[in-house]
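**Q** Generate coordinates for the sequence data below:
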Amino acid sequence: MKNNFHFDLAILGSGSTAFAAAISAAAQDKKVLMTEERTLGGTCLNRGCVPSKNLIEAAQLWHNAANPRFSGIYTRQEHLDFKELIDQLCLKLILITILKRGAALPPSPKGLGFRAIIFG
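**A** Next up is the predicted model:
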């Protein structure tokens, strides 16, 4: 059995830019193939921006507690529980994973090193 597939756009990866391109092309009645070798959402959502920004914000709050911007405000850093900080980050990432399940990619065909979703 021979399969003939035609796509107007093929996208490698499934990060935010990939989804924006796929949605834009699909809105123009284009048939789009998106492939993903790793986790749906790309590096930013799963390993990069989102986890990093969470920890950067926590560090900023910790710093500001010891260094208030205005005179007359007196604060102190009580205690930093790094395990608790990481645990709340993990809970956020678990929630993101649960929310993404509705858009999860199907398992890859046998022998294929990536998964694909089709728009349009």
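**Q** hey, let's count contacts and neighbours off CA atoms from now on
**A** Fine.
**Q** domain assignment for the chain?
**A** Structural domains assigned to the chain are 1-40+105-120, 43-102, following automatic domain parsing.
**Q** Tell me which of those sits most buried.
**A** For these, the largest average neighbour count (mean count of other CA atoms under 10 Å) is found in domain 1-40+105-120, namely a mean of 14.
**Q** ends of stretch 72-88, how far apart?
**A** Distance between the boundary residues of stretch 72-88 (CA to CA, to the nearest Å) amounts to 32 Å.
**Q** need the domains of the chain in JSON lines with mean pLDDT, can you?
**A** Shown next, in JSON lines, are these (pLDDT from 0 to 100):
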{"stretch": "domain 1-40+105-120", "mean pLDDT": "75"}
{"stretch": "domain 43-102", "mean pLDDT": "82"}
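**Q** Now do the contacts for the spatially most central residue of the chain.
**A** Closest residue to the average C-alpha location of the chain: Leu45 at 1.6 Å, with CA atoms, centre = their mean. By CA atoms under 8 Å, 6 or more residues apart in numbering, the residues touching Leu45 are 15, 51.
**Q** Quickly find the element holding it.
**A** helix 42-46 (DSSP states H and E).
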